[in-house]
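> need a structure here:
(chains A, B, C and D)
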Number of protein chains: 2
Amino acid sequence: MKGHQVTIKDIAKILHISPSTVSRALKDHPDINPQTKKNVQELAKKLNYKPNQIALNLLQKESKIIGIIIPEIIHYFFSTVISGIEKIANEAGYHIIIAQSDESYHKEVENVQTLLSSNIDGFIITMAKTTLNFDHFKNVEEIGVPMVFVDRSCDIVTADKVLVDDFDGAYKATTHLIENGCVNIVHLAGPQNLDIGVKRKEGFLSALNDANIETKDYSVQICDSHDHAIRLIPELLSKYNNIDGIFAVNDLTAVGAMKAVKSINRRVPEDVAISGFTNSFISYIADPELTTIDQKGFEMGQHAARMLLKRIKSDENYGPVTTILNTELVVRKSSLKNK
Amino acid sequence: MKGHQVTIKDIAKILHISPSTVSRALKDHPDINPQTKKNVQELAKKLNYKPNQIALNLLQKESKIIGIIIPEIIHYFFSTVISGIEKIANEAGYHIIIAQSDESYHKEVENVQTLLSSNIDGFIITMAKTTLNFDHFKNVEEIGVPMVFVDRSCDIVTADKVLVDDFDGAYKATTHLIENGCVNIVHLAGPQNLDIGVKRKEGFLSALNDANIETKDYSVQICDSHDHAIRLIPELLSKYNNIDGIFAVNDLTAVGAMKAVKSINRRVPEDVAISGFTNSFISYIADPELTTIDQKGFEMGQHAARMLLKRIKSDENYGPVTTILNTELVVRKSSLKNK
DNA sequence: AGGGTTATTTCAAACGTTTGCGAAATAGGT
DNA sequence: ACCTATTTCGCAAACGTTTGAAATAACCCT
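Now for the predicted structure:
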């Protein structure tokens, strides 16, 4: 039950002057009598006057709000992305409004619609895994609301993107395992209809190739969940018991693999070295702590926000920009065989 | 670079009728000629007309936006709370806008101010740990913007609250440890200036008391971080080597303790059983998986949102409501000595 | 005193939408 | 042909704010 917020009109009425004068007095316009200014400003402070943002938004045709559509906020990576966005946005006087798609194409479409109608100034989006049709993004493009895609790209929509060098990250992780004495490494790969699934696999294969290690038919396993790894690994290790390294497409899968390895009484990293990908919080929780590739969520968020703000403020329609961030190898205990 | 959004005026101009007619035609007002209606609706669809929410907000003096101020989005518990809020809010046609305080009193005050000025319809807040002064909330109260506090309460501000029964949760966890054969349990407690620190400690002590177990001078240790536990536990266990159970104030501390126990070659749960509190994602990651108390983040969020919406829509000024949710014991391997 | 300048204030339109009320037009009835 | 009822539409105000332009008032100079 909102009590009446003090407006410029209220102040004007009390002081028997016009709203315009009040408005100018509040912003220290030179045309205003110092005494009037003083009266206005004092009263404004006394009544705790706060300008009505909605009215300003209407006037300036902008809401100072950035819409974020992201699969699931509970995932560490996504929440770091959000934090990065929020930081830059706030510094520029913008707010963020978050909608989750739960990896559902349908909810994503819905979110785009509702956010559009609340007049956000731009979008930052990580597409749902299930999104295969891009009409809703095309629509945003037509309306002219700027968009930046994060982490997951699609070539159909022309928009700014900030991605991470998945190939290089996978290459680095694999090379690190090799340098630490692994010769028989298995890659737990993501779905091959997803970009990250393919790129990370390719980075893995390329690293093996450059180290003159030949791949076996079991070197790549499609397996990208904690539970799947727990089921798969014991079976795999008993079948091919010379496996001495695992590079998983993400941290969660890596942790599952780690548990599985330990469960059949092999040691991590002495018997099997493990690396994940993402550097999420759980890599720090794992025992032993998990070597992984830092995916720079916070930095991605910051970049995305900067790109979006630039686009929002720009008058000219420059072509789409793609930023590819470098990953970083984070070495922890799970990969250090030699110590 | 936003292209001109289609407005009611545009439609009116094209059809040579007045904006009011267009407005009414779009909402199927009986006063409008069916033919005009048809023309308007068809053109609106063709031009992809979307009502300008900002203008509506100005008119209706509401923004349909709920402001959330939360310490850190990356914490699993908080992101589940947010998800709960979002669900209920969306169902009611509201959006959420998120601001993080990073557990800083200063940022919290700032967030309250900026959110207020963007005319949110209500607040859902989890206070920062460092917040000891409540003037900013008092201010919100005076202005008349409804507020709901989640998880952390303060008696000074009169507002709705949704809390969890910390005492009972701690009691249940402790009793569970006792039932599983622990007789010498240590509680890793939170800071005693925080409600949860005190309540959970009291639940712990009460459970011991009810089981006729006398507390030792080392039974309660102030220790609420992963790293602190890793430092503290080995020392403690070597000093008092009959300790056979640990109840930690949160999951992260429990995991630290678990690592520490394993590091000095004692087994979890056989030698030392462990329970955490929160049921965050890491309790599932830990090895062995961590027994814990589910703090019902999602439900808390849902409750908070419902309470807020009720308050927003209500005309009468009913007294503040406090909802206390029950926790739930989640039994996992880390506490099952007997198997 | 008239002309000019300057200081201070107000008017009015604008942003996009809704809505009570009045106006115009049409139709029906006698 | 006149009155009334009905249908259909437009005017204008409102939400809170900004801003160019016009208005008023006060002053100085010759």
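> distance check, the residue nearest to A:I222 when sequence neighbours are not counted against B:D28.
Distances taken as C-beta to C-beta, 6 or more residues apart in numbering or on different chains put A:A189 closest to A:I222, at 5.4 Å, once the chain neighbours are dropped. C-beta: built from backbone N, CA, C; applies to glycine. Noted for A:A189: a distance of 54 Å to B:D28, by C-beta to C-beta, to the nearest Å.
> neighbour-wise, which of the two wins?
Between A:A189 and B:D28, counted using other C-beta atoms under 10 Å in any protein chain shown, the more crowded position is A:A189 (23 against 9).
> residue ranges with poor pLDDT in chain A?
Scanning chain A for pLDDT under 70 picks out the ranges A:1-3, A:339.
> returning to that earlier point: wait, the residue nearest to A:I222 sits on A:K199?
No. In this structure A:A189 lies outside contact range of A:K199 using C-beta atoms under 8 Å: 10.5 Å.
> so what's the closest residue to A:S263 other than its chain neighbours up against?
Spatial nearest neighbour of A:S263, chain neighbours left out: A:P234 (6.7 Å); criterion: C-beta to C-beta, 6+ apart. A:P234 sits next to A:260, A:263-264 when contact means C-beta atoms under 8 Å, 6 or more residues apart in numbering or on different chains.
> same question for A:A248.
So A:A248 contacts A:187-188, A:223-224, A:229, A:254, A:257, A:274-277 (C-beta under 8 Å, 6+ apart).
> and for A:G197?
Contact partners of A:G197, counting by C-beta under 8 Å, 6+ apart, are A:189-191, A:224, A:249.
> let me know the helix or strand that it is in.
Element membership of A:G197, judged by DSSP states H and E, is helix A:195-210.
> and that helix, what's buried?
By neighbour count with 16 or more other C-beta atoms under 10 Å in any protein chain shown, helix A:195-210 contains the buried residues A:195-201, A:203-208.
> which parts of chain A are strands?
Ranges of strands within chain A are A:65-70, A:95-100, A:122-125, A:147-150, A:160-164, A:185-189, A:220-222, A:245-248, A:273-275, A:292-294, A:322-325, A:328-330, based on DSSP state E.
> that older thread, how about JSON lines for the contacts of A:P234, with neighbour count added?
Formatted as JSON lines, the contacts of A:P234 follow (neighbours: other C-beta atoms under 10 Å in any protein chain shown):
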{"residue": "A:A260", "neighbour count": "23"}
{"residue": "A:S263", "neighbour count": "12"}
{"residue": "A:I264", "neighbour count": "14"}
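> for the residues you listed, which one is nearest DNA strand D?
A:A260 (61.5 Å; C-beta to the nearest atom of the strand).
> what separation do you get for the closest one and DNA strand C?
Taking C-beta to the nearest atom of the strand, to the nearest Å as the measure, A:A260 and DNA strand C are separated by 57 Å.
> do I have it right that A:L58 meets B:L59?
No. If you go by C-beta under 8 Å, A:L58 and B:L59 don't touch, sitting 9.6 Å apart.
> more neighbours: these two, which one.
Set A:L58 next to B:L59 and count neighbours by other C-beta under 10 Å: A:L58 wins out with 20 against 10.
> quick one: A:N111 and DNA strand C, what's the gap?
21 Å.
> apart from its chain neighbours, what residue comes closest to that residue?
Distances taken as C-beta to C-beta, 6+ apart place A:A99 nearest to A:N111, at 4.0 Å, with adjacent residues excluded.
> can you get me the start-to-end distance on stretch A:188-200?
Chord length of stretch A:188-200, first to last residue, is 10 Å (C-alpha to C-alpha, to the nearest Å).
> ignore the last one, stretch A:231-248
End to end - C-alpha to C-alpha - stretch A:231-248 spans 14 Å.
> again, but for stretch A:239-251
For stretch A:239-251, the end-to-end distance is 24 Å (C-alpha to C-alpha).
> for stretch A:115-130, same thing?
Counting by C-alpha to C-alpha, you get 20 Å between the two ends of stretch A:115-130.
> which residues touch A:L236?
Applying C-beta under 8 Å, 6+ apart to A:L236 gives the contacts A:186, A:218, A:221, A:243.
> against A:V272, how distant is it?
Distance, A:L236 to A:V272, by C-beta to C-beta: 11 Å.
> report the set of residues contacting both of these two.
Common contact partners of A:L236 and A:V272 (C-beta under 8 Å, 6+ apart): A:I243.
> ok, back up a step: with distance to B:F281 as added columns, please give the contacts of A:P234 in TSV.
Putting those into TSV (distance: C-beta to C-beta, whole Å) gives the following:
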residue	distance to B:F281
A:A260	19
A:S263	20
A:I264	25
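> list the contacts of A:E72.
With contacts taken as C-beta under 8 Å, 6+ apart, A:E72 has the following neighbours: A:78, A:100, A:102-103.
> buried residues in stretch A:268-281?
By 16+ other C-beta under 10 Å, the buried positions in stretch A:268-281 come out as A:268-269, A:271-281.
> and that stretch, C-alpha only, in CSV?
Extracted as CSV, the C-alpha positions of stretch A:268-281 are listed here (Å, rounded to 0.1, in the frame of the first residue of the first chain):
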residue,chain,number,x,y,z
VAL,A,268,43.7,-39.6,-8.4
PRO,A,269,46.0,-38.4,-9.7
GLU,A,270,48.6,-41.1,-9.2
ASP,A,271,46.8,-43.8,-11.2
VAL,A,272,44.5,-41.6,-13.2
ALA,A,273,45.0,-37.8,-13.7
ILE,A,274,41.9,-35.8,-14.3
SER,A,275,41.1,-32.4,-15.7
GLY,A,276,37.7,-30.7,-16.0
PHE,A,277,36.6,-27.6,-17.9
THR,A,278,34.9,-24.4,-16.5
ASN,A,279,36.5,-23.8,-13.2
SER,A,280,33.3,-23.8,-11.3
PHE,A,281,33.1,-23.8,-7.6
